[in-house]
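Peer 1: could you work out the structure for the sequence below:
(one chain, ligands or ions: 2)
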Amino acid sequence: MLILGIESSCDECAASVVEDGRRILSDIVATQIPFHEKYRGVVPEIASRKHSEWIADVVAKALGDAGLGPSDLDGIAATSRPGLVGSLLVGLCFAKGMAWALDKPFVGVNHILAHLYAPQLVEDIPYPFIGLLVSGGHTIICKVLDFDRIEVLGTTIDDAAGEAFDKIAKHYGFGYPGGVAIDALAKEGDADAFRFPKPSLHKGEHRYDVSYSGLKTAVVHQLEQYRRPGAEATPENIAASFQKAAVDILLSRLLRALEDTGLRRVVAGGGVAANSYLRAALARHGDIEASFPPPRLCGDNGAMVAGIAFRYLERGESSGLDLGVSARVPIFRRLSQA
Ligand code: KG4
Ligand code: ZN
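Peer 2: Ligands and ions are numbered 1, 2, ... in the order given. Sure thing, here's the model as predicted:
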């Protein structure tokens, strides 16, 4: 089955053709980073306008690279939720239009589930496992029971993990996107130069939750207070110490989730899953099997959309052409059909 997947939930205009939910025949990601860089953050109005300018070419290139024409497709999928509404609408309407014109099935895809599916494009990972979805908009620690069923254990009570990287980088002018800039700077820095505080969410419903507001305040407003005597406040040291603190917060919750559920496998996804300190820290835990998609599949891409859509179509499920978009999806703290 040949599926075209379109992703336009944020600032990547992406399309890909995937065969049978696994074999990536083409993978086009047109990034809008240069257009948002000077604002040091994604500007929704610019994002949706660029998507509408680019979408036809991106889809044509994805089909061309795969050596296919539109009529060869068996289905067309697009991200429908969550994300920037104006951006989502471009990809969704384009996909619905193609599906209608070609009389092919259409599938609207949940972006969170698509990220968690991404590693399945390169290896066959048996369910269940613990999912760690860390991006600019989401921080989710969950039990992944199947491609379409997750049980959310923890999330963030304030900023998403990537958002925290982006805000620190923006404040100090480290570069854009913040996570990429901090990861690079941190390689030259001392992660123990500053000892930043950790959130104290340990009980009840917050057992697996993370929080970044305290860390953000410490790094932005109280830097001196946490500096180790003799350590210098260089960009490299600030980046390395912040990165360590931010990732250690995630790791502590992740280890808790693994211990409590008895599961040993972690599958990470989302832009922050490309972080080198996170990858190295998990690799040091010999008893944890960690699967990270290759960096290209960590960020937003069309292949994860086409891949997961195949699973739905294989089951005979598709979406109606009246499907709309939504900015948010409810995060239930119980078994949920997300
Ligand atoms: O999944 P993604 O491409 O887009 C969504 O937010 O859905 O994630 C983008 C986020 C940004 O916040 C970016 O700063 C962060 O991922 N990021 C990183 C790294 N690469 C990207 N954060 C930490 N370390 C990285 N190497
Ligand atoms: Zn994403």
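Peer 1: need the residue closest to the centroid of this structure.
Peer 2: Per Cα atoms, centre = their mean, the C-alpha nearest to the average position across the chain is that of Gly270, at 2.2 Å.
Peer 1: who touches it in this structure?
Peer 2: When the contact criterion is Cβ atoms under 8 Å, 6 or more residues apart in numbering, the partners of Gly270 are 115, 133-135, 138, 162, 298-299. C-beta coordinates here come from the backbone N, C-alpha and C atoms, glycine included.
Peer 1: swap the cut-off to 6 Å and go again
Peer 2: Going by Cβ atoms under 6 Å, 6 or more residues apart in numbering, Gly270 touches 115, 133-135.
Peer 1: using CSV, lay out those residues together with secondary structure.
Peer 2: Formatted as CSV, the entries for the contacts of Gly270 read as follows, by DSSP: H, G, I helix; E, B strand; the rest coil:
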residue, secondary structure
His115, helix
Leu133, strand
Val134, strand
Ser135, coil
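Peer 1: ok, which pair from those is furthest apart?
Peer 2: His115 and Val134 (9.2 Å; Cβ to Cβ).
Peer 1: tell me how many other residues crowd Ala280.
Peer 2: Ala280 has 10 neighbours, counted by other Cβ atoms under 10 Å.
Peer 1: Phe242 is in contact with Tyr277, correct?
Peer 2: No - when contacts are counted by Cβ atoms under 6 Å, Tyr277 is not listed as touching Phe242 (10.5 Å).
Peer 1: same drill for the two, tell me which one is more crowded.
Peer 2: Taking neighbours as other Cβ under 10 Å, Tyr277 and Phe242 compare with Phe242 leading, 29 against 19.
Peer 1: wait, a strand at that one?
Peer 2: No - Phe242 sits outside any strand when classified using three-state DSSP, being helix.
Peer 1: since we're on the residue in the stretch 201-338 of the chain that ligand 1 sits nearest to, how many residues are nearby?
Peer 2: Sorted by distance to ligand 1 under Cβ to the nearest ligand atom, the residues of the stretch 201-338 of the chain start with Gly271, at 2.2 Å. As a burial measure, Gly271 scores 26 neighbours (other Cβ under 10 Å).
Peer 1: good, wrapping up.
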